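> 3D model of this:
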Amino acid sequence: MTDSKYFTTTKKGEIFELKAELNSDKKEKKKEAVKKVIASMTVGKDVSALFPDVVNCMQTDNLELKKLVYLYLMNYAKSQPDMAIMAVNTFVKDCEDLNPLIRALAVRTMGCIRVDKITEYLCEPLRKCLKDEDPYVRKTAAVCVAKLHDINAQLVEDQGFLDTLKDLISDSNPMVVANAVAALSEIAESHPNSNLLDLNPQTINKLLTALNECTEWGQIFILDCLASYLPRDDRESQSICERVTPRLSHANSAVVLSAVKVLMKFMEMLPKDLDYYGTLLKKLAPPLVTLLSAEPELQYVALRNINLIVQKRPEILKHEMKVFFVKYNDPIYVKLEKLDIMIRLASQANIAQVLAELKEYATEVDVDFVRKAVRAIGRCAIKVEQSAERCVSTLLDLIQTKVNYVVQEAIVVIKDIFRKYPNKYESVIATLCENLDSLDEPEARAAMIWIVGEYAERIDNADELLESFLEGFHDESTQVQLQLLTAIVKLFLKKPTETQELVQQVLSLATQDSDNPDLRDRGYIYWRLLSTDPVAAKEVVLAEKPLISEETDLIEPTLLEELICHIGTLASVYHKPPSAFVEGSRGVQHKRLPPRAGSGESTESPDVGQSGPSEAPPAVIPSQGDLLGDLLNLDLAPPTATVPSVQPSMQMGAMDLLGGGLDSLMGDESDTMGAGLGAAPAAMPASLGSAPAVGGGLGDLFDLGGGVGMPTGSYVAPKTVWLLAMKAKGLEISGTFARRGGIIQMDLSLTNKAMSVMTDFAIQFNRNSFGLAPAGPLQVLTPLSPNQTIDVSLPLSTSGPVMKMEPLNNLQVAVKNNIDVFYFSCQYPLSLLFVEDGKMDRQVFLATWKDIPNDNEAQFQIKDIHLNSDVASNKLQGSNIFTIAKRTVEGQDMLYQSVKLTNGIWVLAEMRIQTGNPNYTVNGNKET
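Predicted coordinates for the structure are as follows:
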């Protein structure tokens, strides 16, 4: 009888019976009882009450029983940590057992029990197992180090396990090497800058030697590790490629894709005139083709990866078009992916073959597939100019079939062909107009209306055709309404005498009778243009349009490079970088291909840009007391290891309010001599550029690093990149914050590094510590064309919802456009929040200062400021830090100052300035 019997019992009160059986003297009965416990645990019953009884069963030589008990322990140790310690002695004892299977089982289980108290006892057995004579134990212990690092990273580093793990890369057993590489890779992912995998030619040689002998999953770990190595020159790159190439014939598709990834990456460093380069291209095609004979799910993964490879190196598969022809029994998701690759591989040499195939697909029964096939014919026409005439002819044949959805798709793509090849194929317009009545889909109707408006002078009855659409204007979709409005205005500009009534009718419908703001706005613009300057209207509306490109559906080059480095992973299936879908991806490192051979680029790794929004802050609305405490204690701890990579202007908000914040508002004394706040002085103290005094990076915050000066004397940090183009589909956002005339403003520079136009911008903030929110919409009035930058200033209010952030001045932002929604976080300087009415009455100041308890006081040092007290006072007043009184005691000037924040919190400060001493001392008090 099988073990399924353990899952069929429905007895009540069986916990008591199991308890008795677990304590039985008979070994067989005890084993049966443990199996029943595991079965109950598997189906979700709570059997944690049996913990001490199950633990007692650990003292056995029976390997099967021991495995079952260990399985139970892994499941319940977290909920019973105190009782789990009872098992520690047995673990330690089992780690020294004569049987290597038991030693490995013990160390594996200890690694899976995520209880802090147990980890202390795990160190010694783990150290022994890492140097065990049996390779099975060593390979298990290698993985255990990664698990232990996840629980307590500091402990692993202190105990020297990382060094032992690095030594295992030189192990004689290939499986131990593979597991050591896997463990180090896992640890390195959570510490991107740690350089744990210190890859050098000697290490690479060891990995390549192990590659031939370890299991398939071990090979994947090693290949992924090789992919992160940067060869010194093309000779080393060729040597690695030669040793990896045999993996292309492996039966496991994951090994094949990992090998392809390594080869695609290292090919970048090979000169194209090298004989081996051509040989490698030929070797890459067969394994990719073989992947397409697997089951549909694997085919789909392979096709998504091939799609990337074809965009990067179409020459690899240029002779393999036939394998991408669709089979009748392919699932729809495979068909659509094959269709996309066919278009990418289409060229003058194979276009006849492709068109014949696509025409065949257009007669299929699957409507979605037929639509894509018709669109594909249009894309081929745009891509291969010599085939355009044949494509148009094929589309006209399809229109003659009178199949409704085929006709509609054909009209949509013919519109694009007209855009690509103006004044070439307009003879087909008459055929298109015959099918006007059959159009019922918004996109097809909009395309037909565009054609009629664009070529109105060639269509005798254009006004009648457009008027027929106008009859049901309010029932049309927005897309059709907008296109109809533009088409009739075009018609009016071409035939003004015949269509005056028609244009007045459409303008009235669009403006007076419509609720849609887009339509209304466009209607008013046309109305005003036509009524004030018809010549200008003609120049605007009938302007020459740019030719459309076949490149619009290609992945952006920087993103494509990153995705090539992730072949064989989820990123290559989603066609998105890992940072876009991995939760908590702050540590995700952006990968890129090595510089091309002969490109002259540096071979050093690029700087990793800042990651996206930080993890969600706790949803706590702070009390006034919390805010007061944080205001004077921002970033008083020593800087973390990641601080130096952040640009100074990004750090400014993270300084303490009166320590690191004040110096950014002062600038150098020479600024007051007419040079303006943004000018750098002739002589800069050496310390300003190197050793920050408080929180790090204060040098630039003295206006010595190129900040922007405002007429009032307030400091504006230079713009920094907040959102990288590679993370936002080509949209790059740089910005800074400023306070002008009492209004907080976010100054943004939007740059389009993609190949398509960006429109419909909007912005939204997450809840934050001071309720910052946009005071109006993001005003991007014109479309953002490729390679164009637009500067926008967004006014902010402080009336938004409040939630305490970490750090306090963190701001999480979402920006939307016609492509997608993108997220990033930035930090604003707290001086933004200093209001203009922050000058406290002298008597009130004195009384308040005395009343504030000592607990509310904090002291800071501001170093290397070469200003006297008067200049310092004037500079600070420009940023709404007001000097209430000044007195001199024993040659030391003491300034008493007040600041009021937008949320009503007052901060009082005493600043001590010793003549000849460039260091200031600030005592800060806070009071609501």
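
> give me the below-cutoff pLDDT ranges for the chain.
Within the chain, the set of residues satisfying pLDDT under 70 comprises 1-14, 192-195, 550-553, 584-590, 592, 595-714, 855-856, 925-928.

> swap the cut-off to 50 and go again
Within the chain, the ranges that satisfy pLDDT under 50 run 1, 12-13, 586-587, 600-712.

> buried residues in the helix or strand where Val334 lies?
Assignment of secondary structure by DSSP states H and E places Val334 within helix 332-345. By 16 or more other CB atoms under 10 Å, the buried positions in helix 332-345 come out as Val334, Lys335, Leu336, Glu337, Lys338, Leu339, Asp340, Ile341, Met342, Ile343, Arg344, Leu345. All C-beta spots, glycine's among them, are computed from the backbone N, C-alpha and C.

> how about those residues in a markdown table, adding distance to Glu806?
Converted to a markdown table, the buried residues of helix 332-345 look like this (distance: CB to CB, whole Å):
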| residue | distance to Glu806 |
| --- | --- |
| Val334 | 46 |
| Lys335 | 49 |
| Leu336 | 44 |
| Glu337 | 43 |
| Lys338 | 48 |
| Leu339 | 48 |
| Asp340 | 44 |
| Ile341 | 46 |
| Met342 | 51 |
| Ile343 | 48 |
| Arg344 | 46 |
| Leu345 | 50 |
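
> which one of the residues you listed is nearest to Thr789?
Distances from Thr789 to the buried residues of helix 332-345, taken as CB to CB, are shortest for Arg344 (30.6 Å).

> mind listing what the closest one touches?
Applying CB atoms under 8 Å, 6 or more residues apart in numbering, we find Arg344 in contact with Asn307, Val310, Gln311, Pro314.

> quick one: neighbours of Glu297, just the number.
The number of residues packed around Glu297, counting by other CB atoms under 10 Å, is 11.

> for the residue nearest to Cys565 when sequence neighbours are not counted, give me its contacts.
Excluding its sequence neighbours, the residue lying closest to Cys565 (CB to CB, 6 or more residues apart in numbering) is Lys591, at 3.7 Å. Counting by CB under 8 Å, 6+ apart, Lys591 touches Ser228, Glu562, Cys565, His566.

> tell me how many other residues crowd the last one.
Spelled out, that is His566. When neighbours are counted by other CB under 10 Å, His566 comes out with 21.

> give me every residue that touches it.
For His566, the residues meeting the contact criterion (CB under 8 Å, 6+ apart) are Lys261, Ser572, Pro577, Pro578, Lys591.

> next step: the residues you listed restricted to helices.
Judged by DSSP state H, helices contain the following of the contacts of His566: Lys261, Ser572.

> re the thing from before, what's the closest of the contacts of Arg344 to Glu297?
Asn307 (16.0 Å).

> assumed the closest one was part of a helix.
Yes - with DSSP: H, G, I helix; E, B strand; the rest coil as the criterion, Asn307 is part of a helix.

> for Leu230, give me phi and psi.
phi -110, psi 110 (degrees, to the nearest 10).

> I'd say it and Cys565 touch.
No - with contact defined as CB atoms under 8 Å, Leu230 does not reach Cys565; the gap is 11.5 Å.

> ok, those two, which is more surrounded?
Neighbour count, other CB under 10 Å: between Leu230 and Cys565, Cys565 has more, with 20 against 15.
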